[in-house]
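Colleague: Just need the structure, nothing else, for what follows:
(2 chains)
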Amino acid sequence: MTPQHRWPDGPDEVSAELRRVLDEASLRGPDDMMLRRGWAAVAEPPEPPRARRGFWFAGGVATTAALVVAGAFWIRPRLADLAQHAAHERPAAQNEAATPGPRRLMLEGGVEAVLGRSSVMRLEDGAPRIEGGEVRFSVPHRPPGHPFVVRAEGYRVVVVGTRFGVNVEGLAGERKAVGVDVDEGIVEVWETATQRRVARLTPGESWQSPDVDAESPAPPAAVDAAPAPSGPTPTIPRPARNLHHGGKHAAVHALALASPGEAGATSAETPATAEAVAARVALAAGDAPRALQIYRAMAQGTGPSAENAAYEVGKVLNEKMHQPQSAVAAWRRYRAANPDGILRVEADVSIVETLARIGDTDQALSEANEFLRRHPDSERRAEIARLAGDLYRARGDCRHAVATYQITLGASRPRDAVEAAAFHRADCLVRLGDAGGPEAARAYLRTYPNGKFRGEAAALANGSAPRP
Amino acid sequence: MAEGPVHTPSLMRAVPSGGSLSADVEMVGRCRRGDSIAWRGLYDRYAPVVYRFLSAFGVPREEREDACQEVFVAVYRSLARFRGEARLSTWIYRIAARHAGRIARRRKVRTLLSTLLVREPPPPPAADPSERSERLQLLDEMVSKLSPKKRLVLVLFEIEGVPIEEVAKIAGCPENTAWSRLHYARSELMAMAKRRER
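Modeller: Numbers count the residues shown, from 1 in each chain, chains lettered A, B, ... in the order given. The predicted structure follows:
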């Protein structure tokens, strides 16, 4: 054994502690729900595995050809345009020839922005406002309730995760027009002044605003909040104009093709994922009924996406529409249809937690006990046992509470639940007059010397706690 | 030099044993042919490992779940390239390590750009409420200060319990280099821990 193979500096207290923490770190892991969510996401991978490396070569040839064609489309109309309208070119357009190529910026949340040569973008509290020219964005998936918002004149472009471009045309102080086009995912355009959704775009679609007056920036507080919809879904006010064709915008198309990283990341969306994105966009925009409608339609299908949608129906009803009873019913329907479904544990946990929250203790306890019986290996077991213990304790049934807290103590995580169970078990034992009560309180204090119940535990340990 | 404990991490169970190379090749072959049960089996076996590895490597909590899914999408897309020359776990760790490195670089660039553009770097990742242990948070903080190469070797060997020959394959270096990186990583970690102790 060479010295390299040993821990340095001998087995003193610090190195022993360090090794203990490393061991503790090796016990960390995801919970069941995260794994199941993950499975729902990867069960239907976006594209089949590539069989041969030869495809890379073919892909390279195709990309090169596409670049050449796109380049030709970009150069030709541009040259013609320059020749015919040289006298009428705006100063910004003249500057384009002198400035270097597009500039890439990474913004917060992994958002990539590609600025055109004469584009002007300002960051207001980290959120972009486009003041002129075209900027293309690639937005990774955002957590629900945290859409990415781009401001352009009197509009907000709200996205959950997609690739799209925003274009503002016009000179400073003049009327400017806003254009939005979408490469991937779904994008909504909201009018800032009226808080109305004016367009909902799917891949390949584009939207062009009527000319609007240049306006002063909106207050930054509104940046991350998706505007609330008013009334029924509005329609697109003007016929969509395809920004991808014609001299000026062909350059944008070439830009998208020019990036192999982006091209590689692009994959054909299945209808199910497109619907899921649409539902998330609706949720982000505060349109829960629409999200519910989409999820319900998706749930009629088959496969993991349908299963996931059936579960999400309950979640939307519970969290967004504040209908806990209906949510429980939806999860029960999910359970009946998918007794061994990939989100079964998640549905069971949601039912228990929701019933407990609305005060239906009998049902909650019944579901919790059924969960403990049905899922002996679940990582959520400790939490559910703790919840059941709390419910028993609240109704004064300390004997059952002790038994269920004991289940929580058999786990190492989550720490909050285990700590609370350790204290409340000791408390219940003292209430029952059990001789082991004070010792259980001392054990709590030894394990959690700085625990949040240390004061009460000390009182239990030395017998000074007030008796009920 | 004082007699120190030997190198073996006490929790070797962290790495799924997987199976023989031939079993790995067969499993991958089934996944490649579209066998959803095999794909589910692979996910069930390695998702906790990938998640834990990403946590230990310093991927922020808010990005971990997505990162884990992205690793599996990358695994799926690369199945055709698994030739069975290394264990499946080694191969998956390699993909996860590349991905974790990319996330770290992305965050670094983002911080730099934010500093340049808005003069205020993004806030540091929030502490994981499921990992309330102060000791674990301190460990994460110290590990994040190691260089990526040393961090990779330390995380794989000390936390993931991967044998050093596999660690060397994942890191793409000779075994002796892996030992050397591990030694320096441990020394730096010890030094940091002692400084904190004082």
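Colleague: the helices in chain B, which residues?
Modeller: B:21-32, B:36-57, B:61-78, B:88-118, B:134-144, B:148-154, B:164-171, B:175-197 (DSSP state H).
Colleague: and those, which is most packed in?
Modeller: helix B:148-154 (a mean of 22; mean count of other CB atoms under 10 Å in any protein chain shown). C-beta here means a position set from N, CA and C on the backbone, and glycine is covered the same way.
Colleague: what about that one, near chain A?
Modeller: No: contact of helix B:148-154 with chain A (CB under 8 Å from any CB of the partner chain) is absent, the minimum separation being 8.6 Å.
Colleague: still on that earlier bit, now the helices of chain B as a markdown table including mean pLDDT?
Modeller: A markdown table is the format used below for the helices of chain B (pLDDT from 0 to 100):
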| stretch | mean pLDDT |
| --- | --- |
| helix B:21-32 | 83 |
| helix B:36-57 | 88 |
| helix B:61-78 | 87 |
| helix B:88-118 | 83 |
| helix B:134-144 | 85 |
| helix B:148-154 | 92 |
| helix B:164-171 | 90 |
| helix B:175-197 | 89 |
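Colleague: can you redo those as TSV with distance to A:Pro210?
Modeller: TSV is the format used below for the helices of chain B (distance: least, CB to CB, whole Å):
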stretch	distance to A:Pro210
helix B:21-32	52
helix B:36-57	47
helix B:61-78	38
helix B:88-118	32
helix B:134-144	51
helix B:148-154	52
helix B:164-171	57
helix B:175-197	61
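Colleague: Contacts for stretch B:103-110, please.
Modeller: A:Met106, A:Leu107, A:Glu108, A:Gly110, B:Phe57, B:Gly58, B:Val59, B:Pro60, B:Glu63, B:Ala67, B:Pro122, B:Pro148 (CB atoms under 8 Å, 6 or more residues apart in numbering or on different chains).
Colleague: Indicate which one of the helices of chain B is closest to A:Ala291.
Modeller: helix B:61-78 (20.3 Å; CB to CB).
Colleague: for that closest one, packing partners?
Modeller: helix A:32-42, helix B:36-57, helix B:88-118 (3 or more CB pairs under 8 Å, 6 or more residues apart in numbering or on different chains; DSSP states H and E).
Colleague: cutoff 10 Å now
Modeller: Packed against helix B:61-78, as judged by 3 or more CB pairs under 10 Å, 6 or more residues apart in numbering or on different chains; DSSP states H and E, are the following elements: helix A:32-42, helix B:21-32, helix B:36-57, helix B:88-118.
Colleague: and A:Gly132, what element?
Modeller: A:Gly132 belongs to strand A:127-139 when elements are defined using DSSP states H and E.
Colleague: That strand pairs with which strands, and in what direction?
Modeller: Looking at strand A:127-139 with DSSP bridges, its partner strands are strand A:112-115 (antiparallel), strand A:120-124 (antiparallel), strand A:148-152 (parallel), strand A:162-169 (antiparallel).
Colleague: CSV for those, including mean neighbour count, mean pLDDT and distance to A:Leu343?
Modeller: Converted to CSV, these look like this (neighbours: other CB atoms under 10 Å in any protein chain shown; pLDDT from 0 to 100; distance: least, CB to CB, whole Å):
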stretch, mean neighbour count, mean pLDDT, distance to A:Leu343
strand A:112-115, 20, 80, 32
strand A:120-124, 16, 78, 39
strand A:148-152, 24, 83, 27
strand A:162-169, 24, 74, 25
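Colleague: would you list those in JSON lines and tack on distance to A:Val281?
Modeller: As requested, those are exported to JSON lines (distance: least, CB to CB, whole Å):
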{"stretch": "strand A:112-115", "distance to A:Val281": "20"}
{"stretch": "strand A:120-124", "distance to A:Val281": "23"}
{"stretch": "strand A:148-152", "distance to A:Val281": "11"}
{"stretch": "strand A:162-169", "distance to A:Val281": "9"}
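Colleague: Count the neighbours of A:Lys452 for me.
Modeller: Number of residues near A:Lys452 (other CB atoms under 10 Å in any protein chain shown) recorded here: 12.
Colleague: That one reaches A:Ala422, doesn't it?
Modeller: No: A:Lys452 is not in contact with A:Ala422 according to CB atoms under 10 Å; the separation is 11.3 Å.
Colleague: which ones are touching the closest residue in space to B:Ser144 that isn't next to it in sequence?
Modeller: Distance criterion CB to CB, 6 or more residues apart in numbering or on different chains; nearest residue to B:Ser144, sequence neighbours excluded, is B:Gly58 at 4.5 Å. Applying CB atoms under 10 Å, 6 or more residues apart in numbering or on different chains to B:Gly58 gives the contacts B:100, B:103-104, B:107, B:125, B:140-141, B:143-146, B:148, B:151, B:155.
Colleague: residues contacting the residue nearest the centre of chain B?
Modeller: Residue closest to the average C-alpha location in chain B (CA atoms, centre = their mean): B:Phe53, at 3.5 Å. Shown in contact with B:Phe53 (CB under 10 Å, 6+ apart): B:14, B:46, B:59, B:68, B:71, B:92-93, B:96-97, B:99-100, B:152, B:155-156, B:159-160, B:162.
Colleague: ok, 6 Å please
Modeller: Shown in contact with B:Phe53 (CB atoms under 6 Å, 6 or more residues apart in numbering or on different chains): B:Ala96, B:Glu160.
Colleague: what's the spacing between it and A:Tyr311?
Modeller: 28 Å (CB to CB, to the nearest Å).
Colleague: Got the confidence number for A:Ala299?
Modeller: pLDDT recorded at A:Ala299 is 86.
Colleague: Please tell me how far the residue nearest to B:Ser144 sits from A:Leu460.
Modeller: Relative to A:Leu460, and taking CB to CB, B:Gly58 is found at 40 Å.
Colleague: and if you look at A:Arg104?
Modeller: Computed as CB to CB, the A:Arg104 to A:Leu460 distance reads 61 Å.
Colleague: Neighbour count for these two, which is higher?
Modeller: A:Leu460 (25 against 12).
Colleague: Quick check: that one touching A:Leu429?
Modeller: No: look at A:Leu460 against A:Leu429 with CB atoms under 6 Å: they stay out of range, at 8.8 Å.
Colleague: angle of the helix or strand containing A:Ala16 against helix B:36-57?
Modeller: In this structure, A:Ala16 sits in helix A:13-25 according to DSSP H and E. Counting by axes from the mean of the first three to the mean of the last three CA atoms, to 10 degrees, helix A:13-25 lies at 150 degrees to helix B:36-57.
Colleague: Thought A:Asn308 was touching A:Ala40, still the case?
Modeller: Yes: using CB under 6 Å, A:Ala40 is in contact with A:Asn308, at 4.4 Å.
Colleague: What number of residues are in the vicinity of the closest residue to A:Val111 other than its chain neighbours?
Modeller: Distances taken as CB to CB, 6+ apart put A:Val139 closest to A:Val111, at 5.1 Å, once the chain neighbours are dropped. Using other CB under 10 Å, A:Val139 has 23 other residues around it.
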